[in-house]
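# next one to model:
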Amino acid sequence: MLNRRHIRIKVMQTIYAYKGGEGGDFKADQTFLLRSIENMYNLYLLQVSLLIKLQERSEDFVMKTQQKQLATSDDKNPNKKFSNNELLVALKSNIRLKDAFEDHKITNWELDSEYVDVIFKNMLASDLYAEYMQTRTSTFAEDKNFIVDLFKDIIAPNDKLYDYLEDQSLTWTDDLPVVNTAILKLLRKVKPSSPDAFFLPKLFKDEDDRAYALDLFKKTILKQNSLNETIAEKTQNWDADRIANIDTVLLQMAICELTNFPSIPVKVTINEYLEIAKEYSTPKSSVFINGILDKLVKEYSEAEKLNKVGRGLM
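Next up, the predicted model:
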């Protein structure tokens, strides 16, 4: 679920908030980094559980419609297509998911059910829902396609839901695009025969990614003095006060990665930090950072300080 760029963003945020020096105790900050990353899984589970809550809300809606005092024939025999959506029913009956919800204490929608109602009402009022409900039966493929569109067009862009998630955790606003993309990929790929574990993806692709997060954080912190000296040498014509703090952090991380992570290609490192700068810093930051890194890469190459391993890593 977690890609390398988002790992870099998490490390950047932690270093930016770090108040100690090179010799400071950063155990608490390292713990914060890991918790911030692991909390992404709670967001993932919360978003998946919302789909299940919508199915339960639909069942309740159907039952209340049938029990109206002056129920019409249509009310007594309502269209249960959404309630019976095969993908939603499979999610609801997924034992592994239920256990994960309990383990991670995912109870938000029981406590804040009004947000389920907001999404449910938006769905009922949508053309997407009206078209889906034109028939009473469907295939797994049709049900799946509807849930993909529901998540993509109604759930993911909902402003009230976004504000709610932001209130729950400040880091979730950055995590949401990554989590929503992961959910959409799973929804598109799921099959009727998919095992229960299908909707429980690993947070890290592998142990290398987890080690990368910790190593990038620790090595950048432990080498801050030398990294800052390198940055100062290359920015002598710049007023230090005019260099954004986030740019300094990104340069520290990028230089650290260039010189301490031999398996990561130079171009990948530069491109990744330029993209992060475009999103998190000033409009001119990516040009500034690119200029500094370009000079350093040329110097390091000439001095044979870029000990990259593998083909095409330069």
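# all contacts plus neighbour counts: C-alpha atoms, from now on.
OK.
# quick check on I292: phi, psi?
Phi and psi for I292, reported as degrees, to the nearest 10, are phi -70, psi -50.
# residues contacting the residue nearest the centre of the chain?
Centroid-nearest residue in the chain, with C-alpha atoms, centre = their mean: V178, separated by 2.8 Å. Counting by C-alpha atoms under 8 Å, 6 or more residues apart in numbering, V178 makes contact with 1-2, 6.
# likewise for Q252?
Taking C-alpha under 8 Å, 6+ apart, one finds 220, 224, 227-228, 231 in contact with Q252.
# surely F120 touches L54?
Yes: F120 lies in contact with L54 (C-alpha atoms under 8 Å); the separation is 6.3 Å.
# quick one, which residue of this structure lies the farthest from its center?
Furthest out from the centre of the chain (C-alpha atoms, centre = their mean) sits L70, at 47.2 Å.
# and the longest helix anywhere in the chain, what's buried?
Longest helix of the chain, by residue count under DSSP state H: helix 27-66. Applying a neighbour-count criterion of 16 or more other C-alpha atoms under 10 Å, one finds 29-30, 33-34, 36-37, 39-59, 62, 65-66 buried in helix 27-66.
# then stretch 4-13?
So for stretch 4-13, counting by 16+ other C-alpha under 10 Å, buried means 4, 6-13.
# need the residues you listed in CSV (columns: secondary structure).
Below are those laid out as CSV (DSSP: H, G, I helix; E, B strand; the rest coil):
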residue, secondary structure
R4, helix
H6, helix
I7, helix
R8, helix
I9, helix
K10, helix
V11, helix
M12, helix
Q13, helix
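# ok so D247 is a helix residue?
Yes: under the criterion used here (three-state DSSP), D247 sits inside a helix.
# for stretch 218-230, C-alpha coordinates in CSV please.
In CSV, the C-alpha atoms belonging to stretch 218-230 read as follows (Å, rounded to 0.1, in the frame of the first residue of the first chain):
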residue,chain,number,x,y,z
LYS,A,218,18.2,8.1,11.2
LYS,A,219,21.0,8.8,8.7
THR,A,220,19.6,12.2,7.9
ILE,A,221,19.4,13.2,11.6
LEU,A,222,22.8,11.7,12.4
LYS,A,223,24.5,13.5,9.5
GLN,A,224,22.7,16.9,9.9
ASN,A,225,25.8,18.9,10.6
SER,A,226,27.7,17.7,7.6
LEU,A,227,24.6,17.9,5.4
ASN,A,228,24.0,21.5,6.4
GLU,A,229,27.6,22.4,5.7
THR,A,230,27.2,20.9,2.2
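# in this protein, which helix or strand is least confident?
Lowest on mean pLDDT, DSSP states H and E among the helices and strands of the chain sits helix 73-76, with a mean of 68.
# tell me the first helix or strand C-terminal of that helix.
Using DSSP states H and E, the helix or strand that follows helix 73-76 towards the C-terminus is helix 86-92.
# I'd like the next helix or strand past that following helix.
helix 95-103.
# so which elements touch that following helix?
helix 27-66 (3 or more C-alpha pairs under 8 Å, 6 or more residues apart in numbering; DSSP states H and E).
# the helix it packs on relative to helix 95-103, how many degrees between them?
Between helix 27-66 and helix 95-103, the angle comes out at 120 degrees (axes from the mean of the first three to the mean of the last three C-alpha atoms, to 10 degrees).
# and helix 27-66, what other elements does it pack with?
Using 3+ C-alpha pairs under 8 Å, 6+ apart: helix 27-66 touches helix 4-17, helix 73-76, helix 86-92, helix 95-103, helix 108-111, helix 114-124, helix 172-189.
# mean confidence score for the third one?
The pLDDT scores in helix 86-92 average 98.
# ok, residues contacting that helix?
Contacts of helix 86-92 (C-alpha under 8 Å, 6+ apart): 51-52, 55, 83, 97-98, 140, 143-144, 147, 192.
# state whether L306 is indeed within a strand.
No: counting by three-state DSSP, L306 is not part of a strand but coil.
# any idea how far it is from K295?
Separation of L306 from K295 (C-alpha to C-alpha, to the nearest Å): 13 Å.
# which of the two has more neighbours?
L306 (21 against 11; other C-alpha atoms under 10 Å).
# show me what contacts that one?
258-259, 262, 297, 300.
# again, only using 7 Å
258-259, 300 (C-alpha atoms under 7 Å, 6 or more residues apart in numbering).
# distance of it from I264?
Taken as C-alpha to C-alpha, the span from L306 to I264 is 11 Å.
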